[in-house]
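[1] Quick check, what structure comes out for this input:
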Amino acid sequence: MGPPQQKTPSRPPQHPNSVGPSSEIERFLKEIHEATVRNDRATPNYSPAHVGNSEKSRLLSENRFNAFEAIAGENSVLSEMQLNELYTTENEHQVVAYLTPYLEDIVRDTKSAVFNSEEYKWIETSSETTIYNEKPDLIVCHPALVDSKPPFECDKDPKLKDMRRSEDKFGVLSKWKLRDFIGLTCEAKQRVGNGGFGEVINYGKHICFGKYGAVATRLVLFDKTEFWLVDTIRGTVSNVLTCGWTVEGSRRLLHDFVRQPPLVKVLCEACEAFQLKVGTDSFLGAGAFGYVFRAQRLDGREIALKVMVKHGTNEAVKRLECEKERMTQAKKRCPDHVMGVEEDGFKEFEDGVVLLMSNVGEHYSKLAPQDIFDSLIVLHDNGILHGDARLENVVCVDRKPVWIDFAESAFVFGKMSSDEERGLLSQGIQQQFSYTPNV
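    Numbering: from 1, shown residues only. Alright, predicted model coming up:
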């Protein structure tokens, strides 16, 4: 059960960054983060119960662990009858199965979906092995960020099997570098306590850890009675708000807690503007500046959608606009070796910019290494220096190599010579294919 009721604002901030901690707390969090990075690990040295107890004590002393104050007349997540049904569940799997449809209904208008990841490890805890990776019960985010998985086996739990729905979704984050774009990470317990709280804290530490770690992330710990909304900044819990499933206002509280990062907002706006469908198993890759997804036009044709976030400047707009122009020029010179751009495929939004490419390429591993090298020579013979001729920037289309990402390209003159560019690609081919291209 939750702690004694305390006065608190009716809503948490819409985003952790919108109302930050005091300068003293900010400095404290920064020191913890820097110490963690120096140790090259996010996993705590203590048990989850110890971590949960220690953090709860700290948050209570700072008045950062509070109970949500009901808002008369507003909807709750569950009715009393539904809560009584939830009480009949016998294990955590059943708790998750019962609550999933209610959570789905709450987050639907955020363009997020609820994916069950109970038996699939996706939170990375080490760069050396996956055996210690963690598997939170649910992940709430845009489907384009998820790789679907089959439902886990439940024949030994007849009640859970009956609770399963055909529309239930199972999946994991497509790539660990996408962790900054998660809406919610959720963990279920038969009864919440310090141990469960410690597990959730650990999830937050790992999601915020490393090169692509999130500055802030949001997590939910829940059981048959209540849910805890856990705000994490730089891997340290900044605020916890507890609430019962039947408390008036709990529905909107949970709805407003879902993070909607700029990348997801731009992706949704692009899908609406261009009438695209982007579902699970859509993530194709990411470079230093953009993220690429498989999308489907109304006529069923598949294209690649590249999304870049502004990050407070117009550099993303300039870069993608430049890439569009250079790719269009390169396509005219080398139509068989350069990815095409959709005629209507460039658009700027408030938080970012997108580019539609006319095809969806497959991974370069499907290509013959010599063909990759020869295709770069074709570019050079036509006066084009790619500028970033790595294997990651060549894809397989109709079993032929096609180059993408021309933002750094140059026509006739460039920062490097064609010999240097060929040498760099040759090195990459040798490393990945154990093959030395014929020059």
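[2] After the lowest-mean-pLDDT helix or strand in the chain, which helix or strand is next?
    Counting by mean pLDDT, DSSP states H and E, the weakest-scoring helix or strand in the chain turns out to be helix 23-39, with a mean of 58. Scanning forward in sequence from helix 23-39 by DSSP states H and E, the next helix or strand is helix 48-61.
[3] What mean pLDDT does that following helix get?
    Averaged over helix 48-61, pLDDT sits at 96.
[4] Contacts for it, please.
    The contact list for helix 48-61, computed with Cβ atoms under 8 Å, 6 or more residues apart in numbering, reads 3, 44, 46, 65, 193-199, 201-202, 237, 239-240. (Each C-beta comes from the backbone N, C-alpha and C, glycine too.)
[5] again, but for stretch 427-439
    Ser365, Pro369, Gln370, Ile372, Phe373, Arg390, Leu391, Arg422, Leu425, Ser426.
[6] Local confidence estimate at the third one?
    If I follow you right, that is Gln370. pLDDT for Gln370: 97.
[7] element containing it, please.
    Using DSSP H and E, Gln370 falls within helix 369-381.
[8] pLDDT weak spots in the stretch 151-300 of the chain?
    Applying pLDDT under 70 to the stretch 151-300 of the chain flags the ranges 288.
[9] Return the set of buried residues in stretch 319-338.
    Arg319, Leu320, Glu321, Glu323, Lys324, Arg326, Met327, Ala330, Lys331, Cys334, His337, Val338 (16 or more other Cβ atoms under 10 Å).
[10] That stretch: how far from the chain's middle?
    29 Å (Cα atoms, centre = their mean, to the nearest Å).
[11] pull the CA atoms of that stretch into PDB?
    Once non-C-alpha atoms are left out, stretch 319-338 reads as follows in PDB (Å, rounded to 0.1, in the frame of the first residue of the first chain):
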ATOM      1  CA  ARG A 319      21.500  19.300 -43.000                       C
ATOM      2  CA  LEU A 320      18.600  17.300 -44.300                       C
ATOM      3  CA  GLU A 321      17.700  19.900 -46.900                       C
ATOM      4  CA  CYS A 322      21.300  19.800 -48.100                       C
ATOM      5  CA  GLU A 323      21.100  16.000 -48.100                       C
ATOM      6  CA  LYS A 324      18.000  16.100 -50.200                       C
ATOM      7  CA  GLU A 325      19.500  18.400 -52.800                       C
ATOM      8  CA  ARG A 326      22.800  16.500 -53.100                       C
ATOM      9  CA  MET A 327      21.100  13.100 -53.300                       C
ATOM     10  CA  THR A 328      18.800  14.400 -56.000                       C
ATOM     11  CA  GLN A 329      21.900  15.600 -58.000                       C
ATOM     12  CA  ALA A 330      23.800  12.400 -57.400                       C
ATOM     13  CA  LYS A 331      20.700  10.400 -58.500                       C
ATOM     14  CA  LYS A 332      20.700  12.100 -61.800                       C
ATOM     15  CA  ARG A 333      24.400  11.300 -62.400                       C
ATOM     16  CA  CYS A 334      24.200   7.700 -61.000                       C
ATOM     17  CA  PRO A 335      20.600   6.500 -61.200                       C
ATOM     18  CA  ASP A 336      21.400   2.900 -60.400                       C
ATOM     19  CA  HIS A 337      23.700   3.500 -57.400                       C
ATOM     20  CA  VAL A 338      22.000   6.400 -55.500                       C
END
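[12] ok, residues contacting the helix holding Gln370?
    330, 334, 336-338, 364, 385-386, 389, 391, 394, 400-403, 418, 421-422, 425-426, 429, 432-433, 435, 437-439.
[13] What about the residues you listed, which are in helices?
    Among those, the members found in helices (DSSP state H) are Ala330, Ser418, Glu421, Arg422, Leu425, Ser426, Ile429, Gln432, Phe433.
[14] Okay, now stretch 121-128: how far is its last residue from its first?
    Length of stretch 121-128, first residue to last, Cα to Cα, to the nearest Å: 15 Å.
[15] How about stretch 294-311?
    End to end - Cα to Cα - stretch 294-311 spans 23 Å.
[16] which residues touch that stretch?
    262-263, 266-267, 270-271, 274-278, 281-284, 289-293, 316-317, 319-320, 339, 342, 345, 351-361, 404.
[17] Just the buried ones from those, in ChimeraX syntax?
    Command for ChimeraX, covering only those of these found buried under the criterion 16+ other Cβ under 10 Å:
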select :262,263,266,267,270,271,274,276,278,282,283,284,289,290,291,292,293,316,317,319,320,339,342,345,351,352,353,354,355,356,357,358,359,360,361,404
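[18] Give me the subset of the contacts of helix 48-61 lying in strands.
    Phe65, Val237, Asn239, Val240 (DSSP state E).
[19] Asp162: neighbour count?
    The number of residues packed near Asp162 is 10, by other Cβ atoms under 10 Å.
[20] What helix or strand is it located in?
    helix 158-163.
[21] Which SSE is immediately downstream of that helix?
    Counting by DSSP H and E, what follows helix 158-163 is strand 171-173.
[22] what pairs with that next one, and is each one parallel or antiparallel?
    strand 146-148 (antiparallel) (DSSP bridges).
[23] tell me the mean pLDDT over the strand it pairs with?
    98.
[24] Report the buried residues of it.
    Within strand 146-148, the residues scored as buried using 16+ other Cβ under 10 Å are Val146, Asp147.
[25] now stretch 102-115
    Those would be Tyr102, Leu103, Glu104, Ile106, Val107, Thr110, Lys111, Ser112, Ala113, Val114, Phe115, for stretch 102-115 by 16+ other Cβ under 10 Å.
[26] How about stretch 380-396?
    Within stretch 380-396, the residues that count as buried by 16+ other Cβ under 10 Å are His380, Ile384, Leu385, His386, Gly387, Asp388, Ala389, Leu391, Asn393, Val394, Val395, Cys396.
[27] which two in these are spaced the farthest apart?
    In the buried residues of stretch 380-396, two members sit farther apart than any others by Cβ to Cβ. They are Leu385 and Cys396, at 22.3 Å.
[28] rewinding a little: and the buried residues of stretch 319-338 as a markdown table, adding pLDDT?
    Listed next are these as a markdown table, based on pLDDT from 0 to 100:
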| residue | pLDDT |
| --- | --- |
| Arg319 | 87 |
| Leu320 | 90 |
| Glu321 | 90 |
| Glu323 | 88 |
| Lys324 | 91 |
| Arg326 | 90 |
| Met327 | 91 |
| Ala330 | 92 |
| Lys331 | 94 |
| Cys334 | 94 |
| His337 | 96 |
| Val338 | 96 |
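[29] Which member of these is positioned nearest Phe222?
    Leu320 (40.3 Å).
[30] what angle sits between the helix or strand containing that closest one and helix 369-381?
    Per DSSP H and E, Leu320 falls inside helix 315-333. Interaxial angle, helix 315-333 versus helix 369-381 (axes from the mean of the first three to the mean of the last three Cα atoms, to 10 degrees): 90 degrees.
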